[in-house]
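[1] Quick one: sequence plus predicted model below, questions after.
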2 protein chains.
Amino acid sequence: MGIINLNSSFIAYGNAVGEKEHEGPLSDRFDMHDKTDRFGQKTWEEAEGEMLRLSLNIALNKCGLTFEDIDALFAGDLLNQCTSSAYGFLGCNIPYFGIYGACSTSAEGIMLASVMTTNNVYNICAAATSSHNCAAERQYRTPIEYGGQRSPTAQWTVTGAGSFIIGGSGEGKVKIALGMPGRVIDGGVRDASNMGAAMAPAVADTCVRFFRESNTNPADYDLVLTGDLGHEGGKIFRELMKMDGYCVDGVYNDCGMIIFDKNTQDTHAGGSGCGCAASVLSAYILPEMEKGRLKNILFVASGAMMSPDSLKQGRSIPAIGHLLNFKV
Amino acid sequence: MGIINLNSSFIAYGNAVGEKEHEGPLSDRFDMHDKTDRFGQKTWEEAEGEMLRLSLNIALNKCGLTFEDIDALFAGDLLNQCTSSAYGFLGCNIPYFGIYGACSTSAEGIMLASVMTTNNVYNICAAATSSHNCAAERQYRTPIEYGGQRSPTAQWTVTGAGSFIIGGSGEGKVKIALGMPGRVIDGGVRDASNMGAAMAPAVADTCVRFFRESNTNPADYDLVLTGDLGHEGGKIFRELMKMDGYCVDGVYNDCGMIIFDKNTQDTHAGGSGCGCAASVLSAYILPEMEKGRLKNILFVASGAMMSPDSLKQGRSIPAIGHLLNFKV
């Protein structure tokens, strides 16, 4: 039995993104963007940490809270040793749980923060995550100055950060009702330019387990939103779900497909990175829920758990998908 | 208020270590060791994942449980993108929360697993972590074949893994009573060969906050055991505690000082790495508690949260210390 009963809500949320993200369909829905992608910092890595800290500040400002009001923070990112989070939140003095779930980090953090507030371990917790295209390109692939050719199935790492302030169910309009942690699944994909294909089986695994255990099906939800499978992974996910008897067509969308315009932004299979799901959720999906346009959704953030070293050593790409059920 | 009331216990625990660790003072107290440090694998990174999986298997065998009995696993390690954990537990099909706390990971995992069982979110959870000297040297410093000279303040990354099966307070003899997550603290240290000095302020911060909030002092405990400050960091920690009015002399020890013989093993300032605290705790400290030789202890695992890149970019080393109180 993997479903966790949660009884918490979003008190507030904030985000900050780069220029390309602001040029995309969500444009001014983002709380903040920096045209230079640098956020006043010397390095891309420091820019990511600063963007992450800003997203938490923005969320806190929206609800009139300060760092001192946050009992614990769950944070993680894509950089080696999760340094955006560790350096980004230096000086905030918030009790800190470092997490690593690659692009699934937003859902993992929200789930753990909700476990804390649901069970009155703490009153108010926060979850935060980020990714930065230039920092990720440097670490995972090659510096962008190198100008390497991208494959059609490749996704574009989002420059973005999202932070979520989570409290009891009475505190915010959008409720966090259920959670289900994913399992690490290896579908055998070895193509580092096709993360969507690598992640789809893990997301399908969690969704199928959730539908079975909750005795619901996709039609019971306004939206089944995956983290960032992108156009390629999204297709594979829909096929895998059909093979298990669940058709998500009509209610399905993906943060990686939403954040960029496929036709004009040259982002190939869509967006990815911890900051993709976090910024789309906080800038677009949760506000739509607050307006009553979406009432009952599943959010399944996915992460690819390989490293550049594990790929060089010939291993395939393990992945995970963490699921949350939000309601208004 | 940072202290978390926990009401759980260790059902079982297991560990696996390398040859150098087995040659140290704890010798045959470890459940398993491999003379070659390779655990049958081709690469050091795969060896670490295999050692980690073995430690969980050993723990499960001790209590007659299987992977299916574990409701959720909290796991993390030092490798980029925490790949030892993701690959090591592939195929176990346990719902998985990836965590990153550098060498503090053991305490972070035990704390989160305990939150889950204390609040009946899940019945049985596990926490697991590892480090491998050769994988760490390759990633953080230089391949060992390079034969770089080590500084006297440098610690030796332990080849070791530890896994803990955690359930309700009635299930195991050693109880997990209290927890306190650390805060990310930067003491300004930039010397990558002196992690002890970098981590001591973060550990002292958590300990002082804990003593103040719990209205206890070091003399109330049989042992105040830090994660792996080593000989150098341990000295600084004791000084910092005195400056805050708490003298830990007489009850203080450190996993990094315990695991190697300072005089004969050429490990300079002692052991370090996620696997250091996890293997010393599971091979030595918890068994001593089961025998009644230790009754009420504080375990404070510490982590240095920098990366090789952040050091190259001139940043100092942030650190964290997570605290747990164990009782029999």
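    Looks like it came in fine.

[2] tell me, how many neighbours does residue A:149 end up with?
    5 (other C-beta atoms under 10 Å in any protein chain shown). (Each C-beta comes from the backbone N, C-alpha and C, glycine too.)

[3] Now it: phi and psi?
    Reported as degrees, to the nearest 10, the phi and psi values for residue A:149 are phi -70, psi 130.

[4] What distance do you get for it to chain B?
    For residue A:149, the distance to chain B equals 24 Å [C-beta to the nearest C-beta, to the nearest Å].

[5] gap between that residue and residue A:232?
    Distance, residue A:149 to residue A:232, using C-beta to C-beta, to the nearest Å: 17 Å.

[6] Show me how far the strand or helix carrying residue A:289 is from its chain's centre.
    Assigned by DSSP states H and E, residue A:289 belongs to helix A:286-290. The chain centre lies 16 Å from the centre of helix A:286-290; the measure is C-alpha atoms, centre = their mean, to the nearest Å.

[7] What mean pLDDT does that helix get?
    Regarding helix A:286-290, the rounded mean pLDDT is 98.

[8] Report the buried residues of that helix.
    Across helix A:286-290, burial judged by 16 or more other C-beta atoms under 10 Å in any protein chain shown covers A:286, A:288-289.

[9] what bridges to residue A:223?
    On the basis of DSSP bridges, residue A:223 is bridged to residue A:297.

[10] mind listing what residue A:231 touches?
    Neighbouring residues of residue A:231 by C-beta atoms under 8 Å, 6 or more residues apart in numbering or on different chains: A:196, A:254, A:256-257, A:262, A:269-270.

[11] For chain B, state which of these is nearest.
    Closest approach between these and chain B, by C-beta to the nearest C-beta: residue A:196, at 17.8 Å.

[12] any idea which helix or strand carries the closest one?
    Going by DSSP H and E, residue A:196 is in helix A:195-214.

[13] which helices and strands sit right next to that helix?
    strand A:175-180, strand A:185-186, helix A:230-243, strand A:296-304, strand A:318-327 (3 or more C-beta pairs under 8 Å, 6 or more residues apart in numbering or on different chains; DSSP states H and E).

[14] Report the separation between residue A:234 and chain B.
    Taking C-beta to the nearest C-beta, one finds residue A:234 at 23 Å from chain B.

[15] what number of residues lie near residue A:309?
    For residue A:309, the neighbour count with other C-beta under 10 Å is 17.

[16] What pLDDT is listed against residue A:268?
    If you check residue A:268, the pLDDT there is 93.

[17] buried sites along the helix holding residue A:196?
    Those would be A:195-211, for helix A:195-214 by 16+ other C-beta under 10 Å.

[18] pLDDT below threshold where in chain A?
    Judged by pLDDT under 70, chain A has no weakly predicted residues.

[19] what residues are up against the residue nearest the centre of chain A?
    Residue closest to the average C-alpha location in chain A (C-alpha atoms, centre = their mean): residue A:277, at 3.1 Å. Contact partners of residue A:277, counting by C-beta under 8 Å, 6+ apart, are A:103-104, A:106-107, A:162, A:227-228, A:255, A:299, A:301.

[20] out of those residues, who's nearest chain B?
    Nearest to chain B among the contacts of residue A:277, with distances taken as C-beta to the nearest C-beta, is residue A:104, at 8.4 Å.

[21] The nearest residue to the closest one once chain neighbours are set aside: what's it in contact with?
    The spatially closest residue to residue A:104, leaving aside those adjacent along the chain, is residue A:303, at 3.4 Å (C-beta to C-beta, 6 or more residues apart in numbering or on different chains). Taking C-beta under 8 Å, 6+ apart, we find residue A:303 in contact with A:101-105, A:199, A:227, A:319-322, B:98.

[22] which one of the residues you listed is nearest residue A:92?
    residue A:105 (18.0 Å; C-beta to C-beta).

[23] what about residue A:101, neighbour count?
    When neighbours are counted by other C-beta under 10 Å, residue A:101 registers 31.

[24] Repeat that for residue A:188.
    Other residues close to residue A:188 by other C-beta under 10 Å number 9.

[25] repeat for residue A:77
    Using other C-beta under 10 Å: residue A:77 sits among 34 other residues.

[26] Confirm for me that it is in contact with residue A:274.
    Yes: Residue A:77 lies in contact with residue A:274 (C-beta atoms under 8 Å); the separation is 5.4 Å.
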